[in-house]
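Q: generate coordinates for the sequence data below:
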Amino acid sequence: MVTAEKLSSIAAWTTGQPYPKNFDRAWKNILFNQFHDILAGTSIESAYDDARNEYGESLAIAARGLNYAVQSLSWNINIEEEENMKPVVVFNPHAWESRVHVEVEV
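A: Model (predicted):
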């Protein structure tokens, strides 16, 4: 959620991509499930089913928001076209510089 929110804010500010309205629901699901019984493992079984479903919903909301933001940002990068070129855009959501391997399917 943090990465999705970060990149969605940047996309809204730089490209005009609408900020996802359902992020508040995702955060409410996440925060609701920080209840002490769930974290400690002392809830009834049905509470864990609900928590799993709500976390899943939050993950889906975050994934969609992140995908829309990344697409919006990458579509607005001006790269000169060259024959047979397939540009790749890599985003670093951290506040620090990172050197990592990037895996690309071709």
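
Q: longest helix of this structure?
A: With secondary structure taken from DSSP state H, the chain has its longest helix at helix 45-75.

Q: for that one, which positions count as buried?
A: Counting neighbours by 16 or more other C-beta atoms under 10 Å, one finds that the buried residues in helix 45-75 are 51, 54, 58, 61-62, 65-66, 68-70, 72-74. Where you see a C-beta, it was placed from the backbone N, CA and C, and this is true even at glycine.

Q: residues making contact with the worst-scoring helix or strand of the chain on mean pLDDT?
A: Ranked by mean pLDDT, DSSP states H and E, the weakest helix or strand in the chain is helix 36-40, scoring a mean of 71. Applying C-beta atoms under 8 Å, 6 or more residues apart in numbering, the contact partners of helix 36-40 are 43, 47-48, 51.

Q: can I get those in JSON lines including distance to residue 27?
A: JSON lines is the format used below for the contacts of helix 36-40 (distance: C-beta to C-beta, whole Å):
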{"residue": "43", "distance to residue 27": "21"}
{"residue": "47", "distance to residue 27": "19"}
{"residue": "48", "distance to residue 27": "20"}
{"residue": "51", "distance to residue 27": "15"}
